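1. I'd like to go over a predicted model; first the sequence, then the structure.
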Amino acid sequence: MRRILTAAAVAIGLATATAAVAPAPAHAQSAADQRFMREANIWLEQAARWSAPYGEVLGQTYELLAALSEGALKAQEFAERGDTRAGKAWAEPWAAEQRARLGALKARLQSLSPTPPPAKGPGYDLTNMDGMRDLQRMFTEMPKGAQAQVALAETLMGRYLDLTVRAASGDEAAAEQIAPAYFDLQIAMLRSEISMYEAYLPTMDARGSPQGDLIRAGAQVNLAFIAVYELVAADLRGQGGDRAAVARTVRASADGIESRLRTTQQRVDRVLGELPPGELKTKMAAISTSIAETVKAYRVLAGQLRTTAAEVEKGDRFDAEAVLASMEAMVPTLERIIELDKQRRGAIAR
């Protein structure tokens, strides 16, 4: 799941935050309650503005990882054509560009405020509000998460950037290593996504948010892709692998998706039922429709993963091309999930 919900990780957290500070039903709200909710919403807006640059850094870091992966693929193409002159002419400026991108990311991260807005101040104290501790923890951990992702990009760049340049420039030993290196980079990106998912789950769990179900479903897809990519990389290195074990992992991920999403709609309905009529309830209704469509798409994806598991086991020898083709068939479903996520973020932003 190459890009799904990665750039949207912060937006997912904010969607949960919106649910966490949703007003109580109208009959339960006193004047003090209403003032409390106004203060909570003001704090949430401030925290969202503070966190937005960190979300940009995370997205740009992921784009850098994607560029490294795409560069490895391009270097392989130059090596296969034997076009070393053009490969070298492309590779050296490309590598310089990636180093500059990393330097800019590190500088940007260094410039950001490490402390989110306080949830307590003159005349208000939100620290005991239901779910607020988890929200504060989420925002407080955000700088560490961004730093970890930038550090990962720096490590991978040190490991693969020169290899890519050498492969594109005609180094035969490097060219032999570049194909499995591409899958190593894909695996690192998928694991990076899972780490970002996990940072937001405590907030979602604290409120029983349906968004947590979707995040866990996404993590299951990543785990399936990691298992297959590890097998492909091992095959490219001539090492072989346990195809039956990989197929079991992929099927378990498909089962996990369906299990995670079994009660999602009930969670959505419960959140909607707790809200009084008004703008927030209208937004949540739009989000509910989007979540229902996302659940359908994930169920399709579960079936496609089972097709991939069958391809992994098929025949006497592992057919990497057939397996990867079965995964490529998932792209329209993944794109649908991404589009629905964008719709939810748009509904929240309006």
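-> All right, it came through fine.

2. worst-scoring helix or strand of the protein, pLDDT-wise?
-> Least confident helix or strand, the chain: helix 9-20 with a mean of 30, by mean pLDDT, DSSP states H and E.

3. For the protein, which segments are assigned as helices?
-> 9-20, 31-81, 84-111, 132-168, 172-206, 210-236, 243-260, 264-274, 279-313, 320-328, 331-349 (DSSP state H).

4. Please name whichever of those helices is nearest to Asp125.
-> helix 31-81 (8.9 Å; CB to CB). Every residue, glycine included, has its C-beta placed from N, CA and C.

5. Report the angle between that closest one and helix 279-313.
-> 30 degrees (axes from the mean of the first three to the mean of the last three CA atoms, to 10 degrees).

6. From the contact counts, what lies against helix 31-81?
-> Helix 31-81 is packed against helix 9-20, helix 84-111, helix 132-168, helix 172-206, with contacts defined by 3 or more CB pairs under 8 Å, 6 or more residues apart in numbering; DSSP states H and E.

7. Out of the ones you listed, which one sits most buried?
-> helix 9-20 (a mean of 24; mean count of other CB atoms under 10 Å).

8. thinking again about what came up before, pipe the helices of the chain into a markdown table and attach distance to Ala119 per row.
-> Below are the helices of the chain laid out as a markdown table (distance: least, CB to CB, whole Å):
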| stretch | distance to Ala119 |
| --- | --- |
| helix 9-20 | 12 |
| helix 31-81 | 6 |
| helix 84-111 | 24 |
| helix 132-168 | 6 |
| helix 172-206 | 14 |
| helix 210-236 | 21 |
| helix 243-260 | 30 |
| helix 264-274 | 22 |
| helix 279-313 | 20 |
| helix 320-328 | 43 |
| helix 331-349 | 20 |
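
9. which regions of the stretch 151-300 of the chain lie under the pLDDT threshold?
-> Scanning the stretch 151-300 of the chain for pLDDT under 70 picks out the ranges 199-209.

10. that older thread, tell me which of the helices of the chain lies nearest to Pro117.
-> Per CB to CB, nearest to Pro117 of those: helix 31-81, 4.2 Å.

11. tilt between the closest one and helix 132-168?
-> 10 degrees.

12. Output the helices and strands packed on helix 31-81 as TSV; include the columns distance to Gln343.
-> As requested, the helices and strands packed on helix 31-81 are exported to TSV (distance: least, CB to CB, whole Å):
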stretch	distance to Gln343
helix 9-20	11
helix 84-111	29
helix 132-168	23
helix 172-206	19
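
13. do you know which of those helices lies nearest Arg270?
-> Of the helices and strands packed on helix 31-81, nearest to Arg270 by CB to CB is helix 9-20, at 10.4 Å.

14. What distance do you get for Ile194 to Ile226?
-> Per CB to CB, to the nearest Å, Ile194 is found 8 Å from Ile226.

15. scratch that, Gln60
-> Going from Gln60 to Ile226 by CB to CB gives 23 Å.

16. How is the chain partitioned into domains?
-> Structural domains assigned to the chain are 23-178, 208-350, following automatic domain parsing.

17. Dump these to CSV, plus distance to Leu185.
-> Output for the domains of the chain, formatted as CSV (distance: least, CB to CB, whole Å):
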stretch, distance to Leu185
domain 23-178, 4
domain 208-350, 10
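
18. With Met189 as the reference, name the closest of these.
-> Of all the domains of the chain, it is domain 23-178 that lies closest to Met189, at 4.9 Å by CB to CB.

19. looking at the domains of the chain, which is closest to Leu190?
-> Of all these, domain 208-350 comes closest under CB to CB, at 4.5 Å.

20. Return the residues in contact with Ala245.
-> Residues counted as contacts of Ala245 (CB atoms under 8 Å, 6 or more residues apart in numbering): none.

21. now Ala148
-> Ser195.

22. switch the cut-off to 10 Å
-> 61, 141, 192, 195-196, 199 (CB atoms under 10 Å, 6 or more residues apart in numbering).

23. Looks like Asp83 contacts Gln76 (just checking).
-> No: applying CB atoms under 10 Å, one finds Asp83 not in contact with Gln76, separated by 11.8 Å.

24. anything in contact with each of those two?
-> Ala168.

25. Compare those two (neighbour count), which wins?
-> Remark: of Asp83 and Gln76, Gln76 carries more neighbours, 18 against 15, as counted by other CB atoms under 10 Å.

26. what's near enough to touch that one?
-> 164, 167-168, 175, 178-179, 181-182.

27. gap between it and Phe183?
-> Taken as CB to CB, the span from Gln76 to Phe183 is 11 Å.

28. cool, and Trp43?
-> As for Trp43, its distance to Phe183 is 44 Å (criterion: CB to CB).

29. and what of Pro116?
-> Taking CB to CB, one finds Pro116 at 37 Å from Phe183.

30. do the same with Gln110
-> Taking CB to CB, one finds Gln110 at 32 Å from Phe183.

31. before we move on, what about Ser288?
-> Taken as CB to CB, the span from Ser288 to Phe183 is 38 Å.

32. can you check Thr307 too?
-> 20 Å.

33. Also Ser259?
-> Ser259 is 28 Å from Phe183, by CB to CB.

34. Thr294: what's it in contact with?
-> Here Thr294 is in contact with 210-211, 213-214, 217-218, 261, 264, 336-341, 343-344 (CB under 10 Å, 6+ apart).
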